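Colleague: Sequence and predicted structure are below.
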Amino acid sequence: MSAREGPVGDRPAAERPAADRRAAEWALESAAAAGIHRLAIPTPFQVGRVNAYLIEDSPLTLLDSGPNSAKALDELEQALAAHGHAVEDLELLIVSHQHMDHFGLASILARRSGAEVAALDELAPYLATYSRQSDLDDAFAEGVMLRHGIPPEIVTALRAVSAGFRAWGSAVEVTRPLADGEELRLANRTLKVLHRPGHSPSDTVFLDEERGMLLAADHLIKHISSNPLLTRSLGAEPDPAGARPKALVTYLESLARTREMELSLVLAGHGEAFTDHVAVIDERFRLHKRRAEKIGGLIASQPRSAHELALELWGNVAVTQAYLTLSEVLGHVDLLLADGRVVEVEDAGVVRFAAV
């Protein structure tokens, strides 16, 4: 099952402190002065709108696109027109990662504009064979859910929901594969390509070192913690033995690398631009440490499966958003496993975690 974004969202502008609103406005004005414009595109997902970024340079560039829907396309066209452009003017499309709210319209935009499509080289086969990759993602997720205690009837229902979501994405051919560390040169700026896996295996951020600006997509968002979704490794077949990547461990390692960067501005995939990336990342570290401690306490009281832990933490949300909450629990259990504080105990094909 392709997991969706979390149920939390940004606070309405009127509820945020005036200083926060001014800082956000200043951040967008600074980006616009550098020729980067945020285009907030509607999605059907609980995370709300997704940010595409129009970079007025040569080639005329769009980072991410929004999901594959008529409403998203209509609003994208209106947003482009507000800056004096049309879809047909686009010359370069960049895909930040493999989630459909970020690449769903890319195929339509490329067909209409003739633009090059750039993405991480490891992501290119996934985007080109999107339907088959979705099948593999679903098979992987089904195995993980059953192994970690989600009842079969819920797994079946979630697989049907996932199949219904697929139309929000669409296969697209990457004509300009990008290597980690490569420099993407435009006429008036150079964007350094940096692979930052964790939220997804393909998360890619783009750094304008001269201006200290980071196009971060979903790697780092100010108002919500990016979900380290449990996802099949790029190019891997589902493992019948139930082996899984350690998404949260990987994500925290990626955040640590981003923390060391000198940045004046972060342009995120959802919500507002912001300046204080070190403070945001440090709060993420604290959040994940607190959650790991809480889950460790639950396991210490009695062995539990990951789904049982999710039910204890979130109640019915762990049913309606079972894969999202399962990813959250397993990520934090991986931190406890790495510290030697818990062990896995398998019984009749279901894994439970017990305190050491």
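Modeller: That came through fine. Because the structure is a prediction, the values reported are computed rather than measured. Residues are numbered from 1 along each chain as shown.
Colleague: quick one: the helices in the chain?
Modeller: For the chain, the helices defined by DSSP state H cover 18-33, 70-82, 100-103, 106-113, 124-128, 130-147, 152-165, 247-259, 277-301, 306-314, 317-320, 322-338.
Colleague: What is the last one packed up against?
Modeller: The one in question is helix 322-338. helix 130-147, helix 152-165, helix 247-259, helix 277-301, helix 306-314, helix 317-320, strand 342-347 (3 or more C-beta pairs under 8 Å, 6 or more residues apart in numbering; DSSP states H and E). C-betas here are computed from N, CA, C, even on glycine.
Colleague: What mean pLDDT does it get?
Modeller: For helix 322-338, mean pLDDT rounds to 95.
Colleague: Under the pLDDT cut-off, which ranges of the stretch 1-150 of the chain? List them.
Modeller: Scanning the stretch 1-150 of the chain for pLDDT under 70 picks out the ranges 1-17, 19-21.
Colleague: Ramachandran coordinates for the nearest residue to residue 91 once chain neighbours are set aside?
Modeller: The spatial neighbour of residue 91 that comes closest, neighbours along the chain excluded (C-beta to C-beta, 6 or more residues apart in numbering), is residue 59 at 3.3 Å. Main-chain torsions, residue 59, degrees, to the nearest 10: phi -70, psi 150.
Colleague: list the buried ones in stretch 207-214?
Modeller: Across stretch 207-214, burial judged by 16 or more other C-beta atoms under 10 Å covers 207, 208, 211, 213, 214.
Colleague: where's the fourth one relative to residue 80, distance?
Modeller: Using C-beta to C-beta, to the nearest Å, we find residue 213 at a distance of 21 Å from residue 80.
Colleague: rewinding a little: show me what contacts the residue nearest to residue 91?
Modeller: For residue 59, the contact set (C-beta atoms under 8 Å, 6 or more residues apart in numbering) comprises 91, 92, 115, 116, 186.
Colleague: what's the burial count for the first one?
Modeller: Translated: residue 91. When neighbours are defined as other C-beta atoms under 10 Å, residue 91 has 15 of them.
Colleague: Just to check, it is in contact with residue 113?
Modeller: Yes. Between residue 91 and residue 113 there is a contact under C-beta atoms under 8 Å: 7.2 Å.
Colleague: starting at the chain centroid, how far to stretch 132-151?
Modeller: 19 Å (C-alpha atoms, centre = their mean, to the nearest Å).
Colleague: for it, which positions count as buried?
Modeller: 133-134, 136-150.
Colleague: Over to stretch 49-61?
Modeller: Buried residues in stretch 49-61 (16+ other C-beta under 10 Å): 49, 50, 51, 52, 53, 54, 55, 56, 57, 60, 61.
Colleague: how distant is that stretch from the center of its chain?
Modeller: Relative to the centre of its chain, stretch 49-61 is centred 18 Å away, using C-alpha atoms, centre = their mean.
Colleague: next one: stretch 141-155
Modeller: Put simply, stretch 141-155 sits 22 Å off its chain's centre (C-alpha atoms, centre = their mean).
Colleague: Many thanks, have a good one.
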